[in-house]
Every structure is written in structure tokens, then in C-alpha cells.
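1. Just need the structure, nothing else, for what follows:
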Amino acid sequence: MRIAYLTGIRQLELCEVAAPEKPSDGVLVRMDRVGVCGSDVHYYLHGRIGNQVVEYPATVGHECSGTVLQVSPAVTHLRPGDRVAIDPAIVCGHCDQCRAGRVNTCRNIQFMGVPGQAPGAAVDYYVLPAENCFRLPDSLSLDIGALAEPLSIGLYAMQLGQVGQRSKLAVLGTGPIGLSVLLCAAAAGAQCCYATDLIDRRLEVARRCGAHWTGNPRSEDVVEVILAREPEGLDVVFECSGDPACMDQAQELLTPGGTLVIVGIPPTVQVSFDTHKMRVKELTFKACRRQRGCVGPAISLVEQGRIDPTPLLTHRFALDRIGEAFELVAGYRDGVIKAVLDLSVEGPSQRGG
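-> Numbers count the residues shown, from 1 in each chain. Got it, this is the predicted structure:
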């Protein structure tokens, strides 16, 4: 079977390895779709995220969906032929964090495609725990299945921010995760959603995903404009860009007692912020560590028509074009939002979801 390896900075290679045997425990899945995530691109461009350093060769990918081929005897809720979205976080279930229900901070987590943890998803076949596989309704495509994980992060961020129908909020950075936050905020009935990004094309998509106002910091003072519209400030700000400058913008935008939810991954290990402003405004900072129990609910929201993630799907590539996909996403080219690898086809890339 084929598997994609990072072999160096900006170097990806496809190799042939033995396919896994019939699972004695869990589920054998044929991987059909793999999304290219911003964290994948960090590893591709820089060889690390914080203290997670790539050791070459390394596998990649974690946003994925596929088709069940075989199940072990203990698995009763899945059967061969089921199409599934996959939670890429494989947890131990018995550490203090898992026992407390904090599976996203499991002490022994094996996250797909993270250095030193579980192998990445850019491979033809994968054996997974059954609890990591969520059956897709017939109405949802495998492409949508590959978006279940980023959508689940957006939904979990909503929970951390305690967003409700009276909430006024901003999303700083409208890449796939920021747009997922916007979609979930709209589904939660937020009163007003502001969105900022440095790429105008992404702001156009943000408006389709529920933003009531959008702005580009390159062309206007977004903080001044938003506060002119909301002089008392915002209840919640979601920092989804990873840009440390957005931490300062968030503190300016928040009302006293407001909450900053940090979803984006900063390029550096340390960032600074105005502790005086945080103290005087009595602000709450929350870090969003992926998601917790939100993959299934995210799929349900899409099935119910409360979320339409199709604007995120902009490009599709065959697996043998994985290098092109990563370069496209790394360079923010051709209006890309989410590039998806289609492992079921070979040949040239395609634009459109």
C-alpha cells in the first residue's frame, strides 16, 4: 500500500509498505479522504510545532474519512461498507485525564500524524479503535467526513466560549478552523459575528459562513471599526490565526469580563500580552486543545442542515499530487481554503469541492 512520508523540509515522498493484516481488535479502514491541515503545513515548512519536532521520515495527516473494510468480533456498531469520519485522537482511557473526561489531554494520547505518536492518515489502509470511527449518514459525502475533525474543533471552541444567542463575538483568522468556528457560532445563534483576516478571499467565505461584518487589518483598523459598532466590547474573541498580534487585538475588543479563546497555533513557543489590561478588564484566557467529544455532534449539525461546510472545500488532489497540495496550502494560493487528498483517484488536481 502507499504511504506518504515527510523526508525533509518541503520534501514529501510516496512509498510502498505492507498493508495491515486483519484486525484482531478494532477496525480496518480504507482511507478515502485526507484534508491538509495548517498543523501539517507547520511540519512541512518548519519541521516542528513548538517542542514537537519531526524525525524523518515522518508520516502526515489527521483530518480523514474512509470506508470500513473489516471489523474485529468485538465491534458491533460498525460493519464492512460503512463510510466513517475519523477522530484522529487515540486515547488510553485509563489515565487521570481520561477518567476525568478530559480525553483531549490524555497523558498517553496517540494523535495521528504527530511526531512520536500515531502514524499519519495519508496512507491507503489504517487499523483504528472502533470508538474513533463515526458512521456517516448517507446524505453526507466522504469530503464532508474529512471536515468533521476541524468542525469539531469549532464546536468545542464554542463550548469553551459559552456562546449563546445573545453573544457578540469575533473570529480573528478565517482559515479552515476560523471558518469552522464561524459556522458553529451561527448554528448556536450568536447575535453578531465579526471576522478578520489578511486574505480578502477568505473574508468572502467568512460572510458565507455566518460573519455579519468582515475586515482586513491591512486596509483598515479593525479594532477601531468593530468598537465603533460595539462600544461596550465583545463577549468572546476566538484567536484562530496563530498571529501573536491578534492577542493584543483580542484584549482591545473584549468587554470587561470577556473571554479570549486561543485556538490558533502561534509560530513561537512564547507570546506576550498586556497583563495590565487583562487584570483591569478581568479577562479570561482559555486555550482550546483540539476537541473533546464533538465529532459526532458536528456530524449531526451538518446532517440537520444547521451547518453547511461546503464553502471550505476548495481543492482536491490525488495522493500522488500531495506535494502540490502542501505547496498550495503553504502559499495560500488560488483562493485555497481546504485542500483534500482523494486517495481513490490518480491524476491531476481539481479545483472545487
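2. Would you tell me which helix is longest in the chain?
-> As assigned by DSSP state H, the longest helix anywhere in the chain is helix 148-161.
3. Distance from that one to the middle of the chain?
-> 9 Å (CA atoms, centre = their mean, to the nearest Å).
4. Please apply the same query to stretch 10-23.
-> From the chain centre to the centre of stretch 10-23 is a distance of 24 Å (CA atoms, centre = their mean).
5. Buried residues, that stretch. List them.
-> By neighbour count on 16 or more other CB atoms under 10 Å, the buried set for stretch 10-23 is L12, P23. To be clear about C-beta, it is placed using only N, CA and C from the backbone, and glycine gets the same treatment.
6. Chain neighbours aside, what residue packs nearest to R218?
-> Nearest in space to R218, with sequence neighbours left out and distances taken as CB to CB, 6 or more residues apart in numbering, is L198 at 5.8 Å.
7. Please look at the one you found and E220 and confirm they touch.
-> No: contact criterion CB atoms under 8 Å: L198 and E220 do not qualify, at 11.9 Å.
8. Compare the two (neighbour count), which wins?
-> Higher neighbour count among L198 and E220: L198, with 15 against 11, using other CB atoms under 10 Å.
9. What are the neighbouring residues in contact with that one?
-> N216, P217, R218 (CB atoms under 8 Å, 6 or more residues apart in numbering).
10. quick one, what contacts the nearest residue to A211 once chain neighbours are set aside?
-> The shortest distance from A211 to any non-neighbouring residue, by CB to CB, 6+ apart, is to A195 (3.9 Å). Contact analysis of A195 by CB under 8 Å, 6+ apart lists 170-172, 174, 178, 182, 203, 206-207, 211, 213-215.
11. What helix or strand is A195 located in?
-> strand 192-196 (DSSP states H and E).
12. Following the chain past that strand, name the next helix or strand.
-> helix 200-208.
13. chain center to that next one: distance?
-> Using CA atoms, centre = their mean, the offset of helix 200-208 from its chain centre is 18 Å.
14. For the helix or strand that that helix is followed by, name the packing helices and strands.
-> In the C-terminal direction, the helix or strand that comes right after helix 200-208 (DSSP H and E) is strand 213-215. Strand 213-215 makes packing contacts with strand 192-196, helix 200-208, helix 222-229 when contacts are defined by 3 or more CB pairs under 8 Å, 6 or more residues apart in numbering; DSSP states H and E.
15. Out of the ones you listed, which gets nearest to R33?
-> helix 200-208 (19.9 Å; CB to CB).
16. So which bits of the closest one are buried?
-> R202, L203, E204, V205, A206, R207.
17. what about the chain, any weak spots by pLDDT?
-> 346-353 (pLDDT under 70).
18. Tell me how far P88 lies from E149.
-> Note on P88: its distance to E149, by CB to CB, to the nearest Å, is 6 Å.
19. Let me fix that, I meant to ask about E131.
-> Relative to E149, and taking CB to CB, E131 is found at 15 Å.
20. that older thread, tell me the gap between the strand holding A195 and the middle of its chain.
-> On CA atoms, centre = their mean, the centre of strand 192-196 falls 19 Å from that of its chain.
21. now it and helix 200-208, what's the angle there?
-> 170 degrees (axes from the mean of the first three to the mean of the last three CA atoms, to 10 degrees).
22. which residue packs closest to G145, ignoring adjacent ones?
-> Residue nearest to G145 in three dimensions, not counting chain neighbours: S65, with 3.0 Å by CB to CB, 6+ apart.
23. What count of nearby residues applies to the closest residue to C106 other than its chain neighbours?
-> Of all residues not flanking C106 in the chain, V91 sits nearest, at 4.0 Å (CB to CB, 6+ apart). Neighbourhood size, V91 [other CB under 10 Å]: 22.
24. now do R99
-> Using other CB under 10 Å, R99 is surrounded by 10 other residues.
25. now swap in D235 and tell me
-> D235 - counted by other CB under 10 Å - has 23 other residues nearby.
26. after the one helix or strand P256 maps to comes which helix or strand?
-> Using DSSP H and E, P256 sits in strand 254-262. Later in the chain than strand 254-262, the nearest helix or strand by DSSP H and E is helix 275-281.
27. who touches that following helix?
-> Q251, E252, L254, T255, P256, G257, G258, L283, F285.
28. mind running it again at 6 Å?
-> Helix 275-281 has contacts (CB atoms under 6 Å, 6 or more residues apart in numbering) with Q251, P256.
29. sorry, back to before: same for the helix or strand following the longest helix of the chain, what does it pack against?
-> Next helix or strand after helix 148-161 toward the C-terminus (DSSP H and E): strand 168-172. Applying 3 or more CB pairs under 6 Å, 6 or more residues apart in numbering; DSSP states H and E, one finds that strand 168-172 contacts helix 176-187, strand 192-196, strand 234-239.
30. Strand 192-196 and strand 168-172, what's the angle between them?
-> 20 degrees.
31. strands paired with strand 168-172, and their directions?
-> strand 192-196 (parallel), strand 234-239 (parallel) (DSSP bridges).
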